[in-house]
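> based on what follows, work out the 3D shape:
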Amino acid sequence: MQAKRSNPSTLTTTDWKNVDLVAFVKKIKHWGQELGFDELGIAGADVSAAIPELLRWLELGHHGEMDYMAKHAALRAHPESLVPGTASVITARLPYWPSATESAQVLGNDELAYISRYALGRDYHKTVRNRLQKLAERIHTEMARSEQGPNFTYRVFSDSAPVMEVEFARQSGIAWRGKHSLSLTRKGSWHFLGEIYTTLPLPPDAPIGEHCGTCERCLAACPTAAIVAPYKVDARLCISYLTIELKGAIPVALRPLIGNRIYGCDDCQLCCPWNDSAQPGDPDFAVRHGLDAASLVQLFSWSEQEFETRLAGSPIRRIGYERWLRNLAVALGNARKSPETHSALNSRLDHPSALVREHVAWALARIQADKP
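Residues are numbered from 1 along each chain as shown. You can find the predicted model right below:
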């Protein structure tokens with residue numbers, strides 16, 4: 001949402017000379033913490049230093065079928081294209097680690113479904129965006145009430161537009177880019193990022209340096225070797241991409257490597273030393289419907305209506321029922337042979353979707369061969 005303010009392109013830093021913006025930033029950070037954000041920072045609007053690496057990644061085709069990454073590359077490079085006159089980016093970090101989960105135990109039990117920890121509760125897009133909107137409105141109200149400075153505009157984002165999230169987090173000092181390419185802090189990586197683009201010329205915070213050192217555990221832990229080099233991920237190999245972004249058939253050679261991961265993958269985070277002492281995240285992301293340790297057979301038995309109803313308000317719902325069954329079929333094919341597994345797969349052999357039928361047939365052949 002954009003505030004109804006006048007032309008931002010004509011504003012200059014001198015227009016704000018009577019405003020104590022340093023003190024105002026302190027207020028903004030305090031208000032953000034009141035809304036539950038773990039940390040806020042201020043970045044400038046220049047991401048030019050990070051663009052060559054993005055373009056190289058796209059040239060190599062590492063984005064796979066995520067065509068929107070290439071289509072909107074120019075918007076990522078130029079924040080003012082999204083909000084004319086953008087001078088500052090307020091970045092925010094919101095933790096989500098659900099303390100009740102036992103990730104290693106679930107990954108080690110091939111009868112259970114592993115779902116990326118970020119997706120066990122409410123859809124983060126709504127939570128982060130709604131809180132950022134409240135913060136932006138409070139900034140706007142405070143400025144209007146005190147009649148400090150000229151008009152300004154803003155817009156909030158939560159993985160909802162072409163935004164260089166991790167780069168802004170780095171510039172604002174609230175996170176660095178880990179070797180797995182995710183944002184990382186001394187409190188770990190179990191968090192979401194969000195931004196407010198604004199024409200307010202807020203004083204930027206100091207960028208943060210990276211603290212991965214010589215550690216490369218995330219590279220070694222990736223089940224499909226998708227982290228092809230430090231800080232570089234080939235999405236075409238990434239289990240998160242294969243189970244969430246990929247719309248068609250999962251490459252046969254990669255299916256055994258997926259194990260029981262039916263939505264996303266956390267292996268590169270689970271092995272990270274910075275996550276050893278992760279603290280519980282925001283209550284909005286508490287586990288729903290026992291998804292932290294659900295049976296593969298049980299989830300595979302859901303009707304489309306059950307899928308839609310039970311996953312309402314969950315990010316998982318966005319992949320749709322067909323891909324849900326596709327992913328579960330692969331996981332069942334990687335499970336131990338049992339009457340329950342065999343019966344579950346047989347029940348979907350005549351599914352209307354050719355995509356589902358093909359993955360079910362692969363899974364049945366795999367368990368019947370008792371897997372090499």
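
> and Pro203, how far from Phe24?
9 Å (C-beta to C-beta, to the nearest Å). Backbone N, C-alpha and C define where each C-beta goes, glycine included.

> no wait, His180
His180 is 35 Å from Phe24, by C-beta to C-beta.

> neighbour-wise, which of those two wins?
His180 (26 against 20; other C-beta atoms under 10 Å).

> for the more buried one, what are its contacts?
By C-beta atoms under 8 Å, 6 or more residues apart in numbering, the residues touching His180 are Ser189, Cys218, Leu219, Cys222, Ile227, Val233, Cys268, Gln269, Cys272.

> now distance to Ala312 too, for those, in a markdown table please.
Below are the contacts of His180 laid out as a markdown table (distance: C-beta to C-beta, whole Å):
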| residue | distance to Ala312 |
| --- | --- |
| Ser189 | 28 |
| Cys218 | 33 |
| Leu219 | 37 |
| Cys222 | 32 |
| Ile227 | 34 |
| Val233 | 31 |
| Cys268 | 29 |
| Gln269 | 27 |
| Cys272 | 32 |
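
> just the buried ones from these, in ChimeraX syntax?
Applying 16 or more other C-beta atoms under 10 Å to the contacts of His180 leaves a buried subset, and the ChimeraX line that selects it is:
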select :189,218,219,222,227,233,268,269,272
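
> okay if I get the contacts of His180 as a markdown table plus distance to Ala249, secondary structure and pLDDT?
Listed next are the contacts of His180 as a markdown table, based on distance: C-beta to C-beta, whole Å; DSSP: H, G, I helix; E, B strand; the rest coil; pLDDT from 0 to 100:
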| residue | distance to Ala249 | secondary structure | pLDDT |
| --- | --- | --- | --- |
| Ser189 | 30 | coil | 97 |
| Cys218 | 27 | helix | 98 |
| Leu219 | 27 | helix | 98 |
| Cys222 | 22 | coil | 98 |
| Ile227 | 23 | strand | 98 |
| Val233 | 21 | strand | 98 |
| Cys268 | 25 | helix | 97 |
| Gln269 | 27 | helix | 97 |
| Cys272 | 31 | coil | 97 |
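
> of the contacts of His180, closest to Gly259?
Nearest to Gly259 among these is Cys222, at 12.4 Å by C-beta to C-beta.

> the closest one: what's it in contact with?
Contacts of Cys222 (C-beta under 8 Å, 6+ apart): His180, Cys238, Asp267, Cys268.

> can you report phi and psi for the third one?
If I follow you right, that is Asp267. phi -60, psi -40 (degrees, to the nearest 10).

> residues near it, how many?
Count around Asp267 with other C-beta under 10 Å applied: 23.

> pull the number of nearby residues for the nearest residue to it once chain neighbours are set aside.
The shortest distance from Asp267 to any non-neighbouring residue, by C-beta to C-beta, 6 or more residues apart in numbering, is to Ala221 (4.7 Å). A total of 17 residues lie near Ala221 under the criterion other C-beta under 10 Å.
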